[in-house]
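Asker: The following comprises the amino acid sequence and a computationally predicted model.
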Amino acid sequence: MATETAKQLQFVAFSSNLDAGFWHKLTQNKLDLYKLDDKPRNVQGFYYNGDAAGLPCRMSLEFTAFNDEPAIPPNCFPSHGMLHNMNTIDSFKNLDKKELLDSMAQQLWEDITSGQALNNPSLLTRFLLLTFADLKKYHYYYWFAFPALLAPEKVTQTQSAQRLDQYFEAKQVDSFLLAYDEYSKKQPNQGYFLVTVNGDTIQVRDLKDFKDVCKDNKVIFGFCDPSTVDTYPGWPLRNLLTLIAFHWSAQCEEVEVLCFRDRARDGKREVNHSLVLHLNVPSIANMTECPKCVGWEKNQRQKLGPRMVNLSSSMDPTRLAESSVDLNLKLMRWRLLPSLDLSHISQTRCLLLGAGTLGCNVARCLLGWGVRTITFVDNSRISFSNPVRQTLFEFEDCLHGGKPKAVTAAEKLKKIFPGVNSSGHEFSIPMPGHPCNTSEATLEQTKKDVAKLEELIDSHDVVFLLMDTRESRWLPTLIAASKRKIVINAALGFDTFLVVRHGLKPPIEGVIPASTVNPNPDTTAGAASSNDTASNVIHGSQLGCYFCNDVVAPGNSTRDRTLDQQCTVTRPGISMVASAMAVELLMTLLQHPDGGYAGADTSAKDDHLSIDFISPLGLVPHQIRGFLSRFTHVLPASLAFNRCTGCCDAVIQHYQSEGFEFLQNAFNNPTYLENLTGLTELHKETQDAEIWDFSDDESIHSME
């Protein structure tokens with residue numbers, strides 16, 4: 001049995017993983033710094049022990065590889081490299097590879113024998129990188145070596161590898177993780193360590209502490225293992241075994257090694273797939289000469305030779321920016337949100353009505369999510385008070401009367417990210433209570449403005465209402481409801497904000513998507529049973545709009561107002577909070593299988609803290625009402641109002657059948673919408689009810 005298990009230990013070799021940013025930085029350095037100087041230069045790489053199963057054992061290099069101070073990402077581990085960037089393809093081919101590898105092997109051997117590697121174990125993981133950059137074609141030739149000393153020559157397993165949960169009991173695993181996390185705080189990015197076991201007490205120590213702990217404790221040598229293969233450890237173990245064989249093998253009958261793998265899946269930490277190896281490691285304490293060394297990486301054809309990458313299509317700075325933006329989002333999908341549909345987000349066309357404080361912040365947040373089409377509408381110009389609050393503008397934009405906000409905001413977005421399709425339109429949105437019949441010119445301009453707004457809403461998927469006045473939101477609310485567009489509305493008070501998604505009218509053709517439909521649309525949140533999830537949900541087609549809670553039609557809110565009432569006076573930070581909430585609400589909605597028809601949970605309980613969400617990004621509320629003075633927010637929901645001046649069936653039908661004639665009546669006649677929707681009659685009924693509520697006794701008593 002012992003003979004069967006005493007098999008030669010095998011390792012998973014490193015696979016090079018060079019980010020496009022690395023080549024971009026190398027290009028800059030070659031042109032501006034290196035020029036014809038081809039002397040070796042220090043670079044930094046890193047590896048990670050938390051990759052998902054199936055991924056290679058990666059050594060990664062990014063644009064930060066050239067930094068004087070290593071920039072190692074959290075939970076990653078450094079590797080020290082030497083870059084030889086040659087001036088010609090012939091010098092790249094003719095370089096003495098054996099001499100270079102032997103030189104690095106000698107350096108490794110000296111670090112091990114001198115004890116330098118005990119004080120700084122990261123010296124055990126090194127690499128050699130040969131490159132030639134053809135900057136005319138943006139073709140890059142490269143060859144990696146990951147030096148591993150062949151000493152001792154034969155390391156065997158005395159028994160089969162065990163998973164961590166097979167070797168340790170559950171409470172010991174917890175004890176180890178607690179000790180490792182504490183150790184990582186003191187020694188961040190340290191990839192080699194000792195694990196001491198004394199009963200249920202487990203500690204993590206530095207390698208150099210071996211002599212101090214080996215007498216009274218069981219000692220396991222640990223390293224952060226980038227391998228994802230079930231039975232084989234990663235390449236960093238090779239030089240660690242040489243260190244063990246030189247310093248401590250004579251004191252150990254059997255060497256136990258923890259190949260620590262620490263990954264997250266579905267938001268949960270997983271370490272039980274880590275391996276514990278039981279090894280026979282012959283001592284090399286008497287060896288004086290540097291052992292042989294291996295480590296050249298194979299190319300794509302699995303032969304020893306260099307690789308070539310063609311970046312002619314991606315080295316343009318604009319394209320490089322696009323790939324970098326996409327990478328940040330893809331990282332979320334790799335680990336945390338595998339079902340995140342990034343293509344749906346990037347293809348969503350967003351129309352921002354208002355390019356002020358809210359518009360600027362919403363646009364920046366949309367860029368961060370990878371939205372590629374952003375259109376602004378605004379009729380005002382940038383004033384001196386704007387740049388400190390409106391994050392896309394600068395002082396120079398205020399000079400000479402101020403630049404137009406919409407056009408300037410679109411230009412600034414392109415400067416931030418050239419890959420965005422951004423445009424600005426300067427015109428006024430016609431409003432109820434603001435007559436358009438004062439002159440022929442005014443009437444014609446209003447027709448053009450309405451036609452332009454209809455065209456823009458029709459060509460976009462999402463409309464953000466980010467204007468200053470209530471009545472300016474009426475026309476886009478009506479047009480978007482008629483065209484079945486998603487509407488996200490954000491409004492600010494001094495220290496409060498409201499973000500609301502408008503209910504989406506049933507499609508003209510087809511079936512309403514319905515993952516969760518309220519079986520009784522008349523049921524309110526207060527009457528819903530807490531045990532019935534469906535009864536706590538209002539379907540997206542039944543939700544109200546911004547005007548559904550009003551019993552008066554929108555009118556001219558700018559008449560007879562003082563300066564502080566004309567300006568949006570708010571706490572400076574509230575617009576950023578509201579803007580972020582508006583964009584995050586949209587993203588959650590886009591990821592829901594029902595899209596704009598997603599139901600809104602109206603439960604007053606905290607069930608949303610534990611339930612499984614339909615959208616991978618979480619809860620999809622109808623409204624978010626924030627109160628900055630108390631640093632709280634609530635998530636109310638309301639049904640559509642059948643007499644709403646913005647989205648009820650009567651208003652939509654008249655708009656669709658009469659067009660501009662209907663709109664003209666709404667603009668010119670302050671009571672037209674109230675008469676049409678029945679609000680006037682509702683007011684009269686309310687007044688009559690108040691009169692009849694008085695009893696005869698009350699009336700007589702009041703006259704005495």
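Answerer: Perfect, I can see it now. Numbers count the residues shown, from 1 in each chain.
Asker: Tell me the secondary structure at V219.
Answerer: When classified by DSSP: H, G, I helix; E, B strand; the rest coil, V219 comes out as strand.
Asker: Could you give the bridge partners of it?
Answerer: Beta-bridge pairing for V219 (DSSP bridges): T196.
Asker: quick one: contacts for the residue nearest to N437 when sequence neighbours are not counted?
Answerer: The shortest distance from N437 to any non-neighbouring residue, by Cβ to Cβ, 6 or more residues apart in numbering, is to N668 (5.4 Å). C-beta here means a position set from N, CA and C on the backbone, and glycine is covered the same way. N668 sits next to P435, C436, N437 when contact means Cβ atoms under 8 Å, 6 or more residues apart in numbering.
Asker: Look at the last one and give its secondary structure.
Answerer: When the structure is split into helix, strand and coil by three-state DSSP, N437 lands in coil.
Asker: right, and it touches E444 too?
Answerer: No. Contact criterion Cβ atoms under 8 Å: N437 and E444 do not qualify, at 11.1 Å.
Asker: So which elements touch the helix or strand containing E674?
Answerer: For E674, the host element (DSSP states H and E) is helix 672-677. Secondary-structure packing of helix 672-677 (3 or more Cβ pairs under 8 Å, 6 or more residues apart in numbering; DSSP states H and E): helix 649-658, helix 660-668, helix 679-692.
Asker: Any figure for the gap between the residue nearest to N437 and S422?
Answerer: 35 Å (Cβ to Cβ, to the nearest Å).
Asker: And Q162, by the same measure?
Answerer: 57 Å.
Asker: picking up where we left off before, now the helix holding E674, how far from the centre of its chain.
Answerer: Centroid separation for helix 672-677 versus its chain: 45 Å, with Cα atoms, centre = their mean, to the nearest Å.
Asker: next one: stretch 659-677
Answerer: Distance, centroid of stretch 659-677 to centroid of chain: 44 Å (Cα atoms, centre = their mean).
Asker: same thing with stretch 407-425?
Answerer: For stretch 407-425, the distance to the chain centre is 21 Å (Cα atoms, centre = their mean).
Asker: how long is that stretch from one end to the other?
Answerer: When the termini of stretch 407-425 are compared using Cα to Cα, to the nearest Å, they are 6 Å apart.
Asker: In that stretch, which residues are buried?
Answerer: For stretch 407-425, a neighbour-count test (16 or more other Cβ atoms under 10 Å) marks 407-410, 412-413, 417, 419-420, 422-425 as buried.
Asker: So which residues make contact with the helix holding E674?
Answerer: Contacts for helix 672-677 (Cβ under 8 Å, 6+ apart): 432, 552-554, 643-645, 648, 650-651, 654, 665-666, 679-680, 683.
Asker: Ok, stretch 340-353 next?
Answerer: 326, 329-330, 332-333, 359, 362-363, 366, 369-378, 429, 456-457, 459-467, 472-473, 476, 586-587, 590-591, 616-617.
Asker: Please pick the buried ones from those residues.
Answerer: 329, 359, 362-363, 366, 369-378, 429, 456-457, 460-467, 472-473, 476, 586-587, 590-591, 616-617.
Asker: Could you tell me which of these belong to strands?
Answerer: Mapping the buried ones among the contacts of stretch 340-353 onto strands (DSSP state E) picks out T373, I374, T375, F376, V377, V462, V463, F464, L465.
Asker: quick one: which of the residues you listed is nearest to S385?
Answerer: Taking Cβ to Cβ as the measure, S385 lies nearest F376 of these, at 19.2 Å.
Asker: Contact partners for the closest one?
Answerer: Contacts of F376 by Cβ under 8 Å, 6+ apart are 352, 355, 359, 363, 405-407, 409-410, 422-425.
Asker: Can you tell me which of the residues you listed is nearest V271?
Answerer: A363 (41.8 Å).
Asker: wait, doesn't the closest one sit right on L413?
Answerer: Yes. Look at A363 against L413 with Cβ under 8 Å: they come within range, at 5.9 Å.
Asker: okay, and the common contacts of those two?
Answerer: Joint contacts of A363 and L413 (Cβ under 8 Å, 6+ apart) are I374, L392.
Asker: Tell me the predicted confidence for the residue most central in space within the chain.
Answerer: In the chain, the residue lying closest to the centroid (Cα atoms, centre = their mean) is L329, at 4.8 Å. You'll see L329 listed with a pLDDT of 79.
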